[in-house]
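Quick one: sequence plus predicted model below, questions after.
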Amino acid sequence: MTPLKLPPQILRLVLLTVTILGSYGVMRHMLRPASFGEYGHYRGAALEEIAARPPTYAGMKACNECHSDIVQKVAKFEHKTVACEACHGPGREHAKDPDVKNAKLNDRLCLRCHEVDEARPAWLKQIAEKSHFRGDRCVDCHVPHQPKETP
Amino acid sequence: MKFTLSRRQLLVGFGGVASWLMAQPIAQAAKTAVKKVFVSTQAPKGYDPFKHKWLMCIDADRCIGCGACVEACKTENHVPSESMYFRTWIERYIIKKPAAGSGDARGEVLVDSPNGGRGGFPPSMVPRTDILKAFFVPKLCNLCEKSPCTQACPVGATFDSPDGAVLVDPNYCIGCGFCIQACPYGCRFLNPETHTADKCSLCYHRITRELKPACVEVCPGQARIFGDLKNPVENDPLQAFIRKNKVQALKPNLGTDPRVLYANIDKEVR
């Protein structure tokens, strides 16, 4: 009985196929990130990486830790829906280190919301800056934390 | 010169390649172990994306067009300050009165968004008497359930995370811009600093730390209502909002099934 012998042209084809498949396997192993396909057609580790960035805005909870008296006071008046950081700016640095102060506020900030505009809803109190009585600053007549009170 | 290779050299070469390949996984494991010890990622612990499902509702009646959300978003997410890069922005819709005798219900619709509404809107050029009605609409990534951007990405760098956010993996994005063209809401841009696609991530680094997204946090009119459908809190504002209002998605005809729902908007809003 003669041993089974592949014709050389078939043998070459088989070798070539094995080489191509093998190199594909090696390249896939080397180039594909480890966590790819963990949850879907993407890098699973990306979720953690995106979440790793530190926040800039601290959130009301952090403000409430030290300034609970002011937070409670504001909650009783018209500005109750306005978060601290909406006016005072990002406060994470300040929350971490109280010596880092937030930026001083100016009248532009009041007008950003309260300047009259046709597109603003009617429930919002609006003023026309030109015709509205003005002292030097908004806070001369209005108390931002308790808008109904006068200083 | 003739290049010859003895059997010995060939075998040594093959052995070398084989052992290098076998050493790869071990080296990788060692690298990650070292990274875990020495590089603190500050990643929030204990957040399971499968246990949350986020939804954002927007009440156009509560939007006052102050631009606090745009400002906060730019600061929080390090969005370039130029006026063409936004993850969220505000549009002002002005619907003019129809011409007398035209028989139309409404006239021309003007939409503007100077600097994305950052820092408030300048007064409109349209005289007050010509305006039928006007309103503001905040815009952001619509967080589609069937997101066209994800389908367009050729490398799997943008994806729908299990908790409902549509995210971009900046380390894997090749910056081809296909997703930017695919988004029907115009919510994506090519970040000029990283040269990768950028978009609203629903402040993923905040919601995984039990904070609200920056835009929701600072919105003075509470026009943005954000919540977790899988873990409703007591007196959940999101549930109450959906119960009380008729909410709708933008461009529902595209079948994208957005997770951002709007209330009190006109048919002109797209």
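All right, it came through fine. Numbering: from 1, shown residues only, chains lettered A, B, ... in the order given.

Backbone dihedrals for the residue nearest in space to the middle of chain B, both of them.
The centre of chain B sits closest to residue B:200, judged by CA atoms, centre = their mean, with a distance of 2.2 Å. Main-chain dihedrals, residue B:200, degrees, to the nearest 10: phi -60, psi 130.

Quick check: phi and psi at the closest residue to it other than its chain neighbours.
With CB to CB, 6 or more residues apart in numbering or on different chains as the criterion, residue B:200 has its nearest non-adjacent residue at 3.7 Å, and that residue is residue B:141. All C-beta spots, glycine's among them, are computed from the backbone N, C-alpha and C. Note on residue B:141: backbone dihedrals following degrees, to the nearest 10 are phi -60, psi 130.

what about the longest helix in chain A?
helix A:8-31 (DSSP state H).

just how off-centre is it within its chain?
47 Å (CA atoms, centre = their mean, to the nearest Å).

next one: stretch B:146-155
The answer for stretch B:146-155 is 14 Å, by CA atoms, centre = their mean.

and it, which residues are buried?
B:147, B:148, B:149, B:150, B:152, B:153 (16 or more other CB atoms under 10 Å in any protein chain shown).

now swap in stretch A:118-135 and tell me
A:118, A:119, A:120, A:121, A:124.

wait, the second one sits on residue B:90?
No - under the criterion of CB atoms under 8 Å, residue A:119 makes no contact with residue B:90, lying 9.6 Å away.

hey, what's in contact with both of those two?
B:65, B:121, B:136 (CB atoms under 8 Å, 6 or more residues apart in numbering or on different chains).

Could you dump the residues you listed into TSV and include distance to chain A, secondary structure and pLDDT?
Compiled in TSV, those are given as follows (distance: CB to the nearest CB, whole Å; DSSP: H, G, I helix; E, B strand; the rest coil; pLDDT from 0 to 100):
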residue	distance to chain A	secondary structure	pLDDT
B:65	6	coil	94
B:121	6	coil	92
B:136	5	strand	96
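
want to throw these into JSON lines with distance to residue A:141 and neighbour count?
Converted to JSON lines, the shared contacts of residue A:119 and residue B:90 look like this (distance: CB to CB, whole Å; neighbours: other CB atoms under 10 Å in any protein chain shown):
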{"residue": "B:65", "distance to residue A:141": "24", "neighbour count": "27"}
{"residue": "B:121", "distance to residue A:141": "25", "neighbour count": "24"}
{"residue": "B:136", "distance to residue A:141": "27", "neighbour count": "25"}
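
So the residue nearest in space to the middle of chain A, which state does it fall into?
Among the residues of chain A, the one closest to the centroid is residue A:55, at 7.1 Å (CA atoms, centre = their mean). Secondary structure, DSSP: H, G, I helix; E, B strand; the rest coil: residue A:55 is coil.

How about it, nearest residue that isn't a chain neighbour?
Per CB to CB, 6+ apart, closest to residue A:55 is residue B:206, 5.1 Å.

Using CSV, write out every CA atom in the strand or helix carrying the one you found.
Element membership of residue B:206, judged by DSSP states H and E, is helix B:204-207. The C-alpha coordinates for helix B:204-207 follow below in CSV (Å, rounded to 0.1, in the frame of the first residue of the first chain):
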residue,chain,number,x,y,z
TYR,B,204,-20.6,60.2,32.2
HIS,B,205,-17.9,61.0,34.7
ARG,B,206,-20.6,62.8,36.8
ILE,B,207,-23.5,60.4,36.6
